[in-house]
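**Student:** I'd like to go over a predicted model; first the sequence, then the structure.
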There are 2 protein chains.
Amino acid sequence: MNNIITVNYEEKPVYDITLEYNYNMLYKELDKLGTSKKKICVVTDSNLSRHYLNELIELLKDYAKVVETFTFPAGETSKNLETVQELYNRLIQSNFDRKDLLVALGGGVVGDLTGYAAATYLRGIQFIQLPTSLLAMVDSSIGGKTGVDFQDYKNMVGAFHQPAAVYMNLSTLYTLSDVQFFSGLGEIIKHGLIKESSYYLWLKENIDSIKKREPDSLREMVFRSCKIKQEVVEKDPKEQGERALLNFGHTIGHAVEKLMDFKLLHGECVAVGMVAASYLSYKKNWITLEELEDIKKVLKAFELPISISGLDPNEIYRVTTHDKKVEGNKIKFILLRRIGEAYIDIEVTPAEIIESIEYILED
Amino acid sequence: MNNIITVNYEEKPVYDITLEYNYNMLYKELDKLGTSKKKICVVTDSNLSRHYLNELIELLKDYAKVVETFTFPAGETSKNLETVQELYNRLIQSNFDRKDLLVALGGGVVGDLTGYAAATYLRGIQFIQLPTSLLAMVDSSIGGKTGVDFQDYKNMVGAFHQPAAVYMNLSTLYTLSDVQFFSGLGEIIKHGLIKESSYYLWLKENIDSIKKREPDSLREMVFRSCKIKQEVVEKDPKEQGERALLNFGHTIGHAVEKLMDFKLLHGECVAVGMVAASYLSYKKNWITLEELEDIKKVLKAFELPISISGLDPNEIYRVTTHDKKVEGNKIKFILLRRIGEAYIDIEVTPAEIIESIEYILED
């Protein structure tokens, strides 16, 4: 099976996504970037298995002039401009210049923050993504969206800055807890629902082997999800149209994530948000009640929540409509025309939104 | 005389630079951007003549959905991430989304900071430049370099983000003090020296009318300088080669600027830096002693300093070599091959640098 996906912009290849079960082939990407003349700073968080970090540093030492490490406390609460400024300080102290390189080793928080620092240090330096979570592999490491949270707002400050390479060591997936692993499945099921019904079917047929994290299933799953993500971001690098489809489940999902104060993982909130968006798709007569129930069944099979409790529907509504994706007072909802095809709907009424929110609330 | 310059990237027109003596034609740019559906935030500093700000706001009100103003204390000390964060807060409070627009009304500090906020708010929104200083008109408003200072480092944090339009109301040049006006001449003389000997000659022949700020001379001067800047940035939008030539006079100039704690204006420091770089060009047998003396004479005629006092040469050397343009421990100097042609020299020795620093120090 092919294990490399090339991402193009304006028909030119920009970077490769490599899928392996170790870091042995990373040197090929480093060689392409000429790292032997560069300083490298590995950015990671306190959660990351020491095993992978040390192994990686040893490996990088043979391919770089200097290897530094910058570690920050794990979690969304570190994803802010203060952490970015600490990283700038570190790079300045170590005399990093425009030719040097950042390496993001970790999940989505590490990747987004490192990418943002790379986008803005000296008006932009190169960085590579080594995603270690399922969510980062299939979603945040691809497409050049970088950013940090500001005040209470997720990814309010950011930039589009493409990585110079994305390299996935799939064996890092075995270090994830079940809840972290299944959280990643939220975005994966989303890919099937919005773009490829055959992939959605494949996921349903392989629930057991995926849950057991069987290597071949993981590889095929990550590969197919990366391929879908790559095709979407290539068509719309700056999120001006098509790429918005990737926000399926995110409009209400983000509001839930915020109101739960990040106690639920991102993929879990997206799962709940997808139920609400699927309900709206059913109410608008696009998908059937059976399909809506099937989506909920699949999410449940992958241990994802399909409802939440303890939140006030009016609060969810308020936060949803204050979300940054609001344009000209119209809420942009991504709905399903059918399983495998999403579209942007700007005609969802406040009453319909409230109804979909009530649908995901437990009594 | 033509008063519009179009800036292209990859052979596609990206924005126009318009030269006028009032804001009457600004509506054309606003129409092109469809501002009637947008919120606009005018960013400016406390120095800016109330006259122009109020006139501008009245004018914008007819072409935008909402017009806000964000004013910060004038000066380089405001050019930092704290001010940028205050601006983010303001935009969030006013519900600015990705379709909205920032307008930078002011000199280089306002333009650089506004551009950086526009580059990073919601991963990038549009902004337009309304430069009011000579320096901003001929230099910082063109080419998409945005950024702020960080710790003691100038423009350490930034991004490339192209404006959607640059509109110059040349009558704002009459509100500048002499020292501010002449500071802009530093970059203008640089343009002649690095790119166009006939422009350098024209400047020499028009010293009187330029110093009197005669409208036709100002217009021709700003137009020719913008044209040179446009040609350089088009060839090298991300400063990977040719654009470095614009740093003529800046390597030592930045060090002087920093050590003088920004008590000298940028253009004044560039003037002194150009004397040092011209001296190195003479010592390397590229330009003659007569040409070196001529450059000093022209700078002096435009009231620019050609030497400084009170600084320690070793300190200037230390700060120069810690400048961010240091690559692989080699200092990149821009020198003159002849009047009107610059090149990048990476072979300047520490002894030569010290000698050129001593040349610009008064006894």
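**Tutor:** Noted; the coordinates are in hand.
**Student:** so what's the residue nearest to residue A:313 when sequence neighbours are not counted up against?
**Tutor:** Spatial nearest neighbour of residue A:313, excluding adjacent residues (CB to CB, 6 or more residues apart in numbering or on different chains): residue A:357 at 4.7 Å. C-beta here means a position set from N, CA and C on the backbone, and glycine is covered the same way. Residues near residue A:357 by CB atoms under 8 Å, 6 or more residues apart in numbering or on different chains: A:252, A:276, A:313, A:316, A:317, A:320.
**Student:** so which strand or helix has the residue in the stretch 151-300 of chain A positioned nearest to chain B?
**Tutor:** At 4.2 Å from chain B, residue A:158 is the closest residue in the stretch 151-300 of chain A, using CB to the nearest CB. Residue A:158 belongs to strand A:153-160 when assigned by DSSP states H and E.
**Student:** what lies in contact with the longest helix seen in chain A?
**Tutor:** If you go by DSSP state H, chain A has its longest helix at helix A:215-235. Taking contacts as CB under 8 Å, 6+ apart, the residues outside helix A:215-235 that touch it are A:1-3, A:5, A:7-9, A:17, A:19, A:21, A:134, A:137-139, A:142-144, A:168, A:170, A:173, A:187-188, A:191, A:195-196, A:199, A:202-203, A:206, A:209-210, A:241-243, A:245-246.
**Student:** any low-confidence regions in chain A?
**Tutor:** Within chain A, the segments meeting pLDDT under 70 span A:1, A:49, A:323-329, A:363.
**Student:** quick one, strands of it?
**Tutor:** A:4-9, A:12-20, A:39-45, A:66-72, A:101-106, A:126-131, A:145-150, A:153-160, A:165-169, A:333-338, A:341-345 (DSSP state E).
**Student:** partners of the second one in the sheet?
**Tutor:** The strands beside strand A:12-20 in its sheet (DSSP bridges) come out as strand A:4-9 (antiparallel), strand A:165-169 (parallel).
**Student:** out of the ones you listed, deepest packed?
**Tutor:** strand A:165-169 (a mean of 24; mean count of other CB atoms under 10 Å in any protein chain shown).
**Student:** report the angle between that strand and strand A:126-131.
**Tutor:** Relative orientation of strand A:165-169 versus strand A:126-131 (axes from the mean of the first three to the mean of the last three CA atoms, to 10 degrees): 20 degrees.
**Student:** okay, the angle between strand A:165-169 and strand A:101-106?
**Tutor:** 30 degrees.
**Student:** what distance separates the start and the end of stretch A:165-177?
**Tutor:** 26 Å (CA to CA, to the nearest Å).
**Student:** distance from it to the middle of the chain?
**Tutor:** Average the C-alpha atoms of stretch A:165-177, do the same for its chain, and the two points are 14 Å apart (CA atoms, centre = their mean, to the nearest Å).
**Student:** ok, and what's touching it?
**Tutor:** A:15-23, A:25-26, A:29, A:32-33, A:49, A:52, A:128-134, A:137, A:141-142, A:181, A:184, A:213, A:215, A:218-219, A:222.
**Student:** ditto for stretch A:335-353
**Tutor:** A:192-200, A:244-245, A:248, A:252, A:277-278, A:280-281, A:283-284, A:286-287, A:291, A:295, A:317, A:320-321, A:327, A:330-334.
**Student:** emit the ChimeraX select command for whichever of those residues are buried.
**Tutor:** Applying 16 or more other CB atoms under 10 Å in any protein chain shown to those, the buried members can be selected in ChimeraX as follows:
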select /A:192,193,194,195,196,199,200,244,245,248,252,277,278,280,281,283,284,286,287,291,295,317,320,331,332,333,334
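**Student:** need the contact list for residue A:87.
**Tutor:** Residues counted as contacts of residue A:87 (CB under 8 Å, 6+ apart) are A:41, A:43, A:70, A:72, A:113, A:114, A:117.
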